[in-house]
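>>> what follows is a predicted structure for the sequence shown.
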Protein chains: 2
Amino acid sequence: MPTISDVAKLSGLSKATVSRVINKHPYIAKEKRERVEQAMKELGYVPNPSARRLRGSTTSTIGVIVPRIVNPFFSYLVNSIEQEAYKSNYQVLMFQSNENKDKELYFLNLLKNRQVDGLIMTSIENDWDVIQPYTEFGPIVLCNEYLMHSKAPIVRLDQAKGAYIGTKHLIDKGYTKIAYCTGGLFAEDGKDKDRNHGYQQALTEAGLSIQTNWIFINKHTIDDGKEVMRQMLAMEERPSAIFTGSDEIAAGVIMEAKENGVRIPEDLAVIGFDDQPIAEIIEPKLTTIRQPINELGEKSVEQLIALMSSKDADYKQIELPVELLVRKST
Amino acid sequence: MPTISDVAKLSGLSKATVSRVINKHPYIAKEKRERVEQAMKELGYVPNPSARRLRGSTTSTIGVIVPRIVNPFFSYLVNSIEQEAYKSNYQVLMFQSNENKDKELYFLNLLKNRQVDGLIMTSIENDWDVIQPYTEFGPIVLCNEYLMHSKAPIVRLDQAKGAYIGTKHLIDKGYTKIAYCTGGLFAEDGKDKDRNHGYQQALTEAGLSIQTNWIFINKHTIDDGKEVMRQMLAMEERPSAIFTGSDEIAAGVIMEAKENGVRIPEDLAVIGFDDQPIAEIIEPKLTTIRQPINELGEKSVEQLIALMSSKDADYKQIELPVELLVRKST
DNA sequence: TAAAAATATGAAACTGATTTCATAAACCAG
DNA sequence: CTGGTTTATGAAATCAGTTTCATATTTTTA
């Protein structure tokens, strides 16, 4: 494996000059630059990133932390980040935290050790207090997290509005018994507070009150959705509509409903969140809240690159709009 | 950021001793080991991977190359790899090649430069001739690739059998006009040869001949599936069944079929591949070939770790069985 | 009890790059 | 023509670890 010394030897110049060519320093004689380039090509030389990082220079790699890569929302998000970063010649390393605090910390250490020049976090497991110190080592952009208090660059969606227009839509359609199902917790520690808030606001405006047993928390998957439906079937007073935290949950609800002869939307209206491919596959097609995933990724990368380039660029807190897509499930 | 020298200073010992503690060398006095460990904890010391790698030691990271992370087959596969590696205390870096040769080469260089100790490739874009030289720098396990000639560790599925039992199932159901749709190419350079072979074998055994205009190549997504259906609709003599390369394609075919009043399976039988979640969501539920994704990931990691641990462990070529799941689309 | 082997530690070399410092040549202004 | 920039290059220090070599101490063996 050729090193910079090999290139120096072959070109008859010093390591310093070779390094300068690699890093496009000014003040290199054209003839020598060409000699170096020729030698690099001849040897198939590739600089060793470990050595570069050790010396403190950047390597055009950014890291992305996702909680679960099998969740289509995140795989699409990380994909859009990757595409966008590639345009600016940045390489992306993806990490799955599996909603595990220690793994998250491990990845944060990659920033500390300069394995990556910057980090995009699409989920947060540890408290901001423990994450914040790592920003000393490189910029961290929060993407899709609805952390409230932190002074940090954030690109997120208007979750509150999403929940609000979804719930409002159900109310406008005449439904009054509206259940709510969330991926996170309900009003605990500010996380997910946004969505809850939109749901509550829509109900309050319509003079409806909140039934706590119609609130389902910590639901994520299709199977979770099926289970929610089963729980609803067992209730004396069943909701006539449900606002869910993701299309996957919604799909599970619908599948289980059909199994049990519950008609959608006559007996139960269902609204999803994300507009994933399954929203158009399931029968009836799913009314859902579309999130602009690509923009979410693009803006995050954009901001991260800005922060990496100039050390004291201002951070922004960007909120992107969501949109109601009415299909057949409501 | 504390370094090994800080730890050495605080514990009153040399860098060498600290390094020995970190790497669990034998012959360290218990008392000194404890002093070092105490100092490390006190400083919140984390070894810098760049420095370690530079000196040539391993860092318990493995890389996984996937073509497209938004494809559920690959996101589930990479997930299972991650889970399995984690059990053995290996960290996983995921890379998306986007079916791009240059990106793939970039990731192979990570192996060359010791950024990762080993590599699992779930797709290969370059010829094996260009990949092979990289095995000098660390083991490469091919996972899910059906490369024929290469002498390399491979964990794959019995693709030929999958295509064979799928096609055979259609024949047994009485269909004779069977189209075929593949993600790769048809019989070009040995890639994908397996599946094609199974399809051809089943047809031949039944005395059916191959209609070349019923072969669709390079199809991957739901939209591709819709397009395939549109092409079939435009044909004078339409197939009465189709074997597709993935559940996504199959879903697209079915969606477009329904739009156009083509009944599934009466007018057109559809069979998928993968058994992804959408297979059970789409109506009618999809007959498909189940692939043991988790085992695929587990075996790959298992073999990679074996190869990394002992330099001259024998490589294996493992083939896992696939299984026909009959639902309602055939 | 002396020699050999095992245990334990540190100084210094080394990994592959970048950067500082020193220096020299070419160019320019006064 | 002389002194100050600008351009151009290399030697050596540096980054944070690991490993070799040397050496000292303790334990085992003959």
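Nice, I can see it. A quick note: this is a predicted structure, and the numbers were derived from the prediction, not measured.
>>> what helices or strands is the lowest-mean-pLDDT helix or strand in chain A leaning on?
Least confident element among the helices and strands of chain A, by mean pLDDT, DSSP states H and E: helix A:193-205 (a mean of 85). On a contact count with 3 or more Cβ pairs under 8 Å, 6 or more residues apart in numbering or on different chains; DSSP states H and E, helix A:193-205 meets helix A:159-172, strand A:178-181. Glycine gets a C-beta too; all of them are placed from N, C-alpha and C.
>>> list the buried ones in the longest one?
Going by neighbour count (16 or more other Cβ atoms under 10 Å in any protein chain shown), the buried part of helix A:159-172 is A:159-171.
>>> chain center to the helix or strand that the least confident helix or strand of chain A is followed by: distance?
If you walk from helix A:193-205 toward the C-terminus, the next helix or strand you reach (DSSP states H and E) is strand A:215-216. Centroid separation between strand A:215-216 and its chain, computed with Cα atoms, centre = their mean, to the nearest Å, is 24 Å.
>>> quick one: mean pLDDT for the helix or strand just after strand A:215-216?
Next in sequence after strand A:215-216, counting helices and strands by DSSP H and E, comes helix A:222-233. Here helix A:222-233 scores 96 as its mean pLDDT.
>>> what's helix A:222-233 packed up against?
strand A:178-181, helix A:247-259.
>>> on that earlier part again, go through the helices and strands packed on helix A:193-205 and name the closest to chain B.
strand A:178-181 (17.8 Å; Cβ to the nearest Cβ).
>>> pipe the helices and strands packed on helix A:222-233 into TSV and attach mean pLDDT and mean neighbour count per row.
Formatted as TSV, the helices and strands packed on helix A:222-233 follow (pLDDT from 0 to 100; neighbours: other Cβ atoms under 10 Å in any protein chain shown):
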stretch	mean pLDDT	mean neighbour count
strand A:178-181	94	24
helix A:247-259	96	25
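>>> of those, give the one that comes closest to residue A:125.
Taking Cβ to Cβ as the criterion, helix A:247-259 is the member of those that comes nearest to residue A:125, at 20.5 Å.
>>> which SSE is immediately downstream of the closest one?
Assigned by DSSP H and E, the successor of helix A:247-259 is strand A:269-271.
>>> near DNA strand D, which residues of chain A show up?
A:12-17, A:20, A:26-29, A:31-32, A:51, A:54-56 (Cβ under 7 Å from any atom of the strand).
>>> and with 10 Å instead?
Residues of chain A lying close to DNA strand D (Cβ under 10 Å from any atom of the strand) are A:4, A:8, A:11-21, A:25-33, A:35-36, A:50-57, A:112-114.
>>> ok so, going back, ok, the buried residues of helix A:159-172 vs DNA strand D, which is closest?
Distance to DNA strand D across these (Cβ to the nearest atom of the strand) is lowest for residue A:159, with 40.1 Å.
>>> touching, that closest one and residue A:195? I think so.
Yes - using Cβ atoms under 8 Å, residue A:159 makes contact with residue A:195 at a distance of 4.6 Å.
>>> where do the contact lists of these two overlap?
residue A:146 (Cβ atoms under 8 Å, 6 or more residues apart in numbering or on different chains).
>>> in the stretch 201-330 of chain A, which residue sits nearest chain B?
residue A:283 (4.4 Å).
>>> show me what contacts the spatially most central residue of chain A?
The centroid of chain A falls nearest to residue A:122 when counting by Cα atoms, centre = their mean (3.4 Å). If you count contacts by Cβ under 8 Å, 6+ apart, residue A:122 has them with A:64, A:65, A:66, A:67, A:74, A:77, A:78, A:143, A:144, A:145.
>>> out of those residues, which sit inside strands?
A:64, A:65, A:66, A:143 (DSSP state E).
>>> between those, which has the most around it?
residue A:64 (29 neighbours; other Cβ atoms under 10 Å in any protein chain shown).
>>> not counting its neighbours along the chain, what's nearest it?
Spatial nearest neighbour of residue A:64, chain neighbours left out: residue A:120 (4.8 Å); criterion: Cβ to Cβ, 6 or more residues apart in numbering or on different chains.
>>> so that neighbour sits in a helix?
No - applying DSSP: H, G, I helix; E, B strand; the rest coil, one finds residue A:120 to be strand, outside a helix.
>>> hang on, isn't it packed against residue A:304?
Yes - under the criterion of Cβ under 8 Å, residue A:120 makes contact with residue A:304 at 6.0 Å.
>>> mutual contacts of these two, please.
A:62, A:141.
>>> go through stretch A:318-325 and flag the buried ones.
So, applying 16+ other Cβ under 10 Å, buried residues of stretch A:318-325: A:318, A:319, A:322, A:324, A:325.
>>> list of residues touching it?
A:154-159, A:161-162, A:165-166, A:169, A:275, A:279, A:287-292, A:295-296, A:299, A:303.
>>> again, only this time at 7 Å
Residues from elsewhere that reach stretch A:318-325 (Cβ atoms under 7 Å, 6 or more residues apart in numbering or on different chains): A:154-158, A:161-162, A:165-166, A:169, A:275, A:287-292, A:295-296, A:299.
>>> that older thread, turn the helices and strands packed on helix A:193-205 into a markdown table, columns for distance to residue A:262.
Output for the helices and strands packed on helix A:193-205, formatted as a markdown table (distance: least, Cβ to Cβ, whole Å):
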| stretch | distance to residue A:262 |
| --- | --- |
| helix A:159-172 | 16 |
| strand A:178-181 | 13 |
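>>> DNA strand C is nearest to which of those?
Here helix A:159-172 is closest among the helices and strands packed on helix A:193-205 (Cβ to the nearest atom of the strand), at 41.5 Å.
>>> quick check, residue A:223 in contact with residue A:255.
No - applying Cβ atoms under 7 Å, one finds residue A:223 not in contact with residue A:255, separated by 9.8 Å.
>>> near chain B, which residues of the stretch 101-250 of chain A?
A:106, A:109, A:112, A:113, A:114, A:115, A:222 (Cβ under 7 Å from any Cβ of the partner chain).
>>> between those residues, which is nearest residue A:179?
Nearest member of these to residue A:179, counting by Cβ to Cβ, is residue A:222, at 17.4 Å.
>>> now for that closest one: which residues touch it?
With the criterion set at Cβ under 7 Å, 6+ apart, residue A:222 makes contact with A:248, A:251, A:252, B:277.
>>> between which two of the residues you listed is the distance greatest?
So, these by Cβ to Cβ: farthest apart are A:252 and B:277, at 9.7 Å.
>>> now the buried residues of stretch A:318-325 in CSV, with pLDDT and distance to residue B:308?
What follows is these, written out as CSV (pLDDT from 0 to 100; distance: Cβ to Cβ, whole Å):
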residue, pLDDT, distance to residue B:308
A:318, 93, 43
A:319, 91, 46
A:322, 94, 45
A:324, 97, 51
A:325, 96, 48
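>>> can you lay out the residues you listed as a markdown table showing distance to DNA strand C and secondary structure?
Output for the buried residues of stretch A:318-325, formatted as a markdown table (distance: Cβ to the nearest atom of the strand, whole Å; DSSP: H, G, I helix; E, B strand; the rest coil):
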| residue | distance to DNA strand C | secondary structure |
| --- | --- | --- |
| A:318 | 31 | strand |
| A:319 | 37 | strand |
| A:322 | 43 | coil |
| A:324 | 50 | strand |
| A:325 | 49 | strand |
